[in-house]
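Enquirer: model this:
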Amino acid sequence: MALNISAKSASITASVVVFLFYLLGVFWSFEPETFDIREAAIADAKVDNVKPVVGYTTTTAIIKIAETILNKPGGYLANDITPPSVMLDNIPAWEFGALEMVRDISLSMRQSFSRSQSQSLENKFLKRAQPKFNIDHTNWAIPSAEGEYESAIQDLYSYRKDLADPLVQDAQFYARADNLRDYIREVEKRLGSYSQRLSASVGRNQLNTDLAGDKVAQQSTFTASAVIVKTSWWKIDDVFYESRGACWALLHMLQAIEVDFADVLENKNAAVSVSQIIRELEATQQTVWSPMILNGSGFGFVANHSLVMANYISRANAALIDLRELLSQG
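Expert: Numbers count the residues shown, from 1 in each chain. Alright, predicted model coming up:
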């Protein structure tokens with residue numbers, strides 16, 4: 001009898017633990033809300049008792065995005081090896097998408113935005129911060145991913161402090177059309193990849209256009225003239241949430257660019273283009289009412305959330321290409 005009661009108690013305890021893990025996993029799976037980066041930059045500037053100079057808002061955007069990845073409910077989950085986070089995949093995918101955008105802007109900050117020309121010196125804080133964001137996002141041992149990201153954030157705080165200090169001359173941010181154009185070109189590739197992977201949820205026969213437009217172009221090895229492109233059914237929800245994370249980060253980045261590059265955009269008559277891109281990205285953040293990501297076939301009976309997301313991202317990407325063309329004009 002005692003053994004029977006003990007087994008029953010263990011079963012109840014296990015059930016309660018599993019249920020609590022489930023509730024905790026659901027709570028941790030809520031995506032962070034968007035925020036006003038202009039207000040965040042102004043608030044930080046008041047705390048630091050400085051004027052938000054050119055570049056201050058963009059640097060603040062990187063800091064806030066990275067801090068959100070680390071400090072949202074549940075913290076950073078992508079490298080956890082214990083339940084319930086080890087059983088979650090949507091939010092870790094979201095984290096990776098946002099992190100990829102942080103990596104892109106960090107590289108642009110180090111190589112372009114903070115340098116006046118190709119022969120100019122790198123900023124010491126950005127030189128330290130950028131590689132730290134590139135550690136494997138699943139690394140949990142020494143050094144841990146979140147430890148490196150936190151260290152990179154502190155370097156960005158140091159750069160931002162020097163940026164706002166008129167007595168420090170070696171920390172600069174150059175808001176120029178060519179710098180912004182280079183960054184947009186990298187973002188285009190990122191969004192193009194997401195759009196392709198999301199659209200491939202239904203699978204299709206695609207012609208190989210890798211060498212199109214150049215009759216003497218070559219590539220390393222032979223590839224078929226037509227291939228079947230399809231994202232695995234088991235991976236498509238991860239691609240969906242990775243895309244949402246990337247778009248969430250990018251819309252805040254573009255809001256900051258609206259501030260720091262206001263004169264450049266006005267001169268190129270491109271301010272409205274950035275606003276439209278932000279609107280398209282905001283549409284990617286709409287609430288997903290379905291309990292799971294559905295990926296029906298094209299015009300089939302079941303909805304295809306991936307194609308809807310791909311549509312918004314494709315529109316934003318097309319607008320980015322137009323924006324880059326505007327910035328190229330004299």
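
Enquirer: find the nearest non-adjacent residue to Trp140, please.
Expert: Asn79 (4.1 Å; C-beta to C-beta, 6 or more residues apart in numbering). Any C-beta I mention is one placed from the backbone N, CA and C, and that applies to glycine too.

Enquirer: against Ile65, how distant is the one you found?
Expert: Asn79 sits 18 Å away from Ile65, going by C-beta to C-beta, to the nearest Å.

Enquirer: may I have stretch 152-167 as CSV, with CA atoms only?
Expert: Backbone C-alpha positions of stretch 152-167 (Å, rounded to 0.1, in the frame of the first residue of the first chain) are rendered in CSV as follows:
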residue,chain,number,x,y,z
ALA,A,152,29.7,44.0,-26.5
ILE,A,153,26.8,46.0,-25.2
GLN,A,154,29.2,47.6,-22.6
ASP,A,155,31.6,48.5,-25.4
LEU,A,156,28.7,50.2,-27.3
TYR,A,157,27.8,52.2,-24.2
SER,A,158,31.5,53.3,-24.1
TYR,A,159,31.4,54.3,-27.8
ARG,A,160,28.1,56.2,-27.3
LYS,A,161,29.5,58.0,-24.3
ASP,A,162,32.6,59.2,-26.3
LEU,A,163,30.3,60.0,-29.3
ALA,A,164,28.4,62.5,-27.2
ASP,A,165,31.5,64.0,-25.6
PRO,A,166,32.7,67.1,-27.6
LEU,A,167,36.2,66.7,-26.1
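
Enquirer: tell me the average confidence for it?
Expert: Taken as a whole, stretch 152-167 has a mean pLDDT of 95.

Enquirer: next: stretch 200-215.
Expert: Mean predicted lDDT for stretch 200-215 stands at 61.

Enquirer: likewise for stretch 303-320?
Expert: pLDDT averaged over stretch 303-320 gives 91.

Enquirer: flag the shaky bits of the chain, pLDDT-wise.
Expert: Applying pLDDT under 70 to the chain flags the ranges 1-5, 21, 118-119, 202-217, 222-234, 297-300, 330.

Enquirer: where do the strands sit along it?
Expert: 204-207, 226-229 (DSSP state E).

Enquirer: what's the burial count for Ala283?
Expert: 17 (other C-beta atoms under 10 Å).
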